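*Asks:* Turn this into a model:
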Amino acid sequence: MIRFIWNTNISAENIELCWVNGHLVIMRLFTFFITGIVVLFCGIAAGKDLNASNVSRYAIIVANNNSLDEGVPPLRYADDDGARYFEMFTSAGVEVSLLTVLGAEEQRRYIEAAKAAVPPSYKNLRATLKTLFTRMESAVQSGSEVHFYFIYAGHGDVGANQEGYLNLLDHRFTRSELYSEIVAQSPASFNHIILDACHAYYMVNKRGGGNDKSGDYKMHVRDFLEKEMLTRYPNTGVILAASNESETHEWQRFESGIFSHEIRSAMVGAGDVNNDGFISYSEAAACVDAANAAIDVPNARLKVFFRPPQQKVDVPLLGISDFKKAPTLNMPISFAGKYYVEDARGVRLADLHYSTEQPVVLKLVGKAPFYIRTAKNDEAMVGADVLQIELSSLQFVASQNGHRGSVEETFRKKLFSLPFGQGFYRGVMAQRQESGDASLQRDDTADERPEPGMQLAKVDTSAAKVETASPSVTTVEVVRPADLPVDKRLVFQRRMGVLSLGSGLVFGVMGTVFYGMGRSEWHDYKKATALDDIKTHRDSSEKLLTASRVFWATGAGLAVLGGALLIRQRIVQRKMRKRVTAQNAVQFHWMGNGALFPGVTGTF
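*Replies:* Numbers count the residues shown, from 1 in each chain. Model (predicted):
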């Protein structure tokens, strides 16, 4: 506590000493206040870096175009998927082992992957697992949190004993082997299994007999997750896609399996619906759901199943910050829409269609320069030396690329035609939980509590005209109060505004204190009779009053700056609210099979 004792009998030297001590104490307090804030933020950042550095990640990627079953045509792009998974995980700092046989063209396109690849034989898989598990054990003993990824892209089917399997070059890798040789043996803190096979659900399907391809996977997935061995491994999560026809898993335009391309798009940033910088299981699955939501042909539409590790349901698949050296494309809310990215090799890196509910931070994993293309076939190029790219600063021109073919036209129009945002995420999660799908667990990634003023609507199904024999869709819209989009720049702007106002107040108080001290010196100056006392009191009074004016002026400037920042943030937020209110409607799509599909759409 600072006590100022005003006494006209105090000598000029004591008054000067009192002024100096009071000034030093106040300045030290202010310095400690600012230093504390800086240390706090630095500590948080250092803590994040420390946590990030204490995580070790390992991955085995198996990609095989061929099947051991007679009459099954080879896939075209499983090896491409293996190489692209390799590049994505390597860019995220993961130690990757790749088991695939790349074609001649792919070896020239994916040079680093070609150097690392070994044939996907059973012997090589077991040797790679042994080597990686040894390294993982060492990392665990050193105190690291270890994440292990097992990714498969290729053919899958069911054997004579009704057990699902994945095709290696020389071996059918069965469901029981997946558990006994990978899940049970892994020393990792968390295991992540990603399967993109022709019939991936066979690996989660304990069938009693018959060749059921009706697409009713829910019972099998529930059986796998609840009655089988996964419950014994709460550190293991799984995400996979299934479709009735293997031919729909690949698309020439992607030069990739559709699910693999969509899951990679989600993991490099398109799936971060809550802008926390991490991609959770539920976010990745919902992002793939959004990409396929408009596909109205049952055999062509992917079904996505996931279950995060029950030990920690919010554990992310990857974080945006893991891609430390990859260029960053910042996509603001005002530019929401449908985009895709290709690199200098012509590799399609990612597709996304984001809504006005949140901005997107997309990592570009590939070879520069990059080409950003829109749904209108306009494109912009990003050079090789640019690490931070603002979408709003790019110059788009008409692209010369063309596409043809009926299947290609269907996928071109339908895939990623619905925007993905927080509302779509909530709708998909609510629908799946209500349907009792055991493969989908509640995830706290996004705040699922209803917003104030949220209204529920009852839809009369008898009033909806549904043509079950046609792929037409009846859409019922329920407009709700708009969500406030989360824009990190607006949040930063608001914090800076509050900080500026607070600092202005502190400077104003300090100016008032110095003004009081100066006025006291002025009164002493008027009462003084000795020339030395008169000069001392006058000089001290002038210094104190000058200091008070400086503090007042600085405080006023900071207050004006803070007020301007807060006002601007409020105006921009109101504009976004109006825009989202106009576009952000909950849509219930009555599909041809009578299914109710909720989601949040923008302008189509």
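*Asks:* OK, contacts around the residue nearest to V365 when sequence neighbours are not counted?
*Replies:* Spatial nearest neighbour of V365, excluding adjacent residues (CB to CB, 6 or more residues apart in numbering): S91 at 4.6 Å. Glycine gets a C-beta too; all of them are placed from N, C-alpha and C. Going by CB atoms under 8 Å, 6 or more residues apart in numbering, S91 touches 323, 325-326, 363, 365.
*Asks:* for N191, same thing?
*Replies:* Neighbours of N191 in contact, by CB under 8 Å, 6+ apart: 147-150, 182-183, 233, 235-237, 309.
*Asks:* residue ranges with poor pLDDT in the stretch 401-550 of the chain?
*Replies:* Residue ranges of the stretch 401-550 of the chain with pLDDT under 70: 401-418, 423-424, 427-488.
*Asks:* how does it look with 90?
*Replies:* Within the stretch 401-550 of the chain, the segments meeting pLDDT under 90 span 401-505, 508, 510-511, 514, 516-545, 547-548.
*Asks:* List the residues that contact the closest residue in space to A284 that isn't next to it in sequence.
*Replies:* Once flanking residues are discounted, A284 sits nearest to A266: 4.3 Å by CB to CB, 6+ apart. Shown in contact with A266 (CB under 8 Å, 6+ apart): 279, 283-284, 287-288.
*Asks:* and R373, what are its bridge partners?
*Replies:* Assessed by DSSP bridges, R373 has beta-bridge partners Y340, E379.
*Asks:* Which residue in the contacts of N191 has the weakest pLDDT?
*Replies:* Lowest pLDDT within those is found at Y233 (88).
*Asks:* got the contact list for the nearest residue to that one once chain neighbours are set aside?
*Replies:* Computed as CB to CB, 6+ apart, the closest residue to Y233 that is not its neighbour in sequence is V183, at 5.4 Å. Listed by CB under 8 Å, 6+ apart, the contact partners of V183 are 191, 193, 229-230, 233, 236.
*Asks:* most neighbours, which of those?
*Replies:* Highest neighbour count within the contacts of V183: T236, with 26 neighbours (other CB atoms under 10 Å).
*Asks:* So what pairs up with that one in the strands?
*Replies:* On the basis of DSSP bridges, T236 is bridged to N191.
*Asks:* so what's it up against?
*Replies:* Residues counted as contacts of T236 (CB under 8 Å, 6+ apart) are 183, 186, 190-193, 230, 309.
*Asks:* of those, closest to L545?
*Replies:* Of all the contacts of T236, F190 has the smallest distance to L545: 64.7 Å, by CB to CB.
*Asks:* Would you agree the closest one is in contact with Q311?
*Replies:* Yes: between F190 and Q311 there is a contact under CB atoms under 8 Å: 7.4 Å.
*Asks:* intersection of neighbour lists for these two?
*Replies:* Residues touching both F190 and Q311 (CB under 8 Å, 6+ apart) are N235.
*Asks:* neighbour-wise, which of these two wins?
*Replies:* Per other CB under 10 Å, whichever of F190 and Q311 has more neighbours is F190, with 23 against 13.
*Asks:* buried set for stretch 308-319?
*Replies:* By 16 or more other CB atoms under 10 Å, the buried positions in stretch 308-319 come out as 308-309, 313, 315-319.
*Asks:* same thing with stretch 276-285?
*Replies:* Buried residues in stretch 276-285, defined by neighbour count with 16+ other CB under 10 Å: 276, 278-285.
*Asks:* Over to stretch 90-108?
*Replies:* Under the neighbour-count criterion of 16+ other CB under 10 Å, stretch 90-108 has 90-94, 96-102, 106-107 buried.
*Asks:* and what of stretch 257-277?
*Replies:* Buried residues in stretch 257-277, counted by 16+ other CB under 10 Å: 257-276.
*Asks:* which residues sit in contact with E390?
*Replies:* Neighbour list for E390: 330, 332 [criterion: CB under 8 Å, 6+ apart].
*Asks:* can you rerun that using 6 Å?
*Replies:* N330 (CB atoms under 6 Å, 6 or more residues apart in numbering).
*Asks:* so what's it scoring on pLDDT?
*Replies:* Listed pLDDT for E390 reads 94.
*Asks:* May I have the beta-bridge partners of it?
*Replies:* For E390, the beta-bridge assignment (DSSP bridges) gives partners N330.
*Asks:* switch to numbering from 75
*Replies:* In the new count, where the first residue is 75, that last one comes out as E464.
*Asks:* and stretch 363-376, what's its mean pLDDT?
*Replies:* For stretch 363-376, mean pLDDT is 78.
*Asks:* Give me the distance between the two termini of that stretch.
*Replies:* Using CA to CA, to the nearest Å, one end of stretch 363-376 lies 8 Å from the other.
*Asks:* Buried residues, it. List them.
*Replies:* 363-370, 372, 374-376.
*Asks:* Could you do stretch 585-603 as well?
*Replies:* For stretch 585-603, a neighbour-count test (16+ other CB under 10 Å) marks 585, 587-589, 591-592, 594-596, 598-599, 602 as buried.
*Asks:* Which of the contacts of S165 fall within strands?
*Replies:* Residues from these lying in strands, with DSSP state E as the criterion: K437.
*Asks:* any chance you could map the helices in the chain?
*Replies:* Assigned by DSSP state H, the helices in the chain fall at 86-127, 152-165, 178-183, 185-190, 196-215, 249-251, 292-296, 332-339, 355-366, 480-488, 496-508, 562-601, 605-657.
*Asks:* then the fifth one to CSV, C-alphas only?
*Replies:* Coordinates of the C-alpha atoms in helix 196-215 are reproduced here as CSV (Å, rounded to 0.1, in the frame of the first residue of the first chain):
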residue,chain,number,x,y,z
TYR,A,196,2.9,-61.0,-44.7
LYS,A,197,6.6,-61.4,-43.8
ASN,A,198,7.3,-57.7,-44.3
LEU,A,199,4.3,-56.7,-42.3
ARG,A,200,5.3,-58.8,-39.3
ALA,A,201,8.9,-57.6,-39.5
THR,A,202,7.8,-54.0,-39.7
LEU,A,203,5.4,-54.4,-36.7
LYS,A,204,8.2,-56.0,-34.6
THR,A,205,10.6,-53.1,-35.4
LEU,A,206,8.1,-50.4,-34.8
PHE,A,207,6.8,-51.9,-31.6
THR,A,208,10.3,-52.0,-30.2
ARG,A,209,10.8,-48.3,-30.9
MET,A,210,7.4,-47.6,-29.5
GLU,A,211,8.3,-49.4,-26.2
SER,A,212,11.4,-47.3,-25.9
ALA,A,213,9.3,-44.1,-26.4
VAL,A,214,6.8,-45.2,-23.8
GLN,A,215,9.5,-45.9,-21.3
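*Asks:* Show me what it is packed against.
*Replies:* strand 129-138, strand 219-228 (3 or more CB pairs under 6 Å, 6 or more residues apart in numbering; DSSP states H and E).
*Asks:* Redo the ones you listed as TSV? Include distance to K204 and mean neighbour count.
*Replies:* Below are these laid out as TSV (distance: least, CB to CB, whole Å; neighbours: other CB atoms under 10 Å):
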stretch	distance to K204	mean neighbour count
strand 129-138	11	24
strand 219-228	13	24
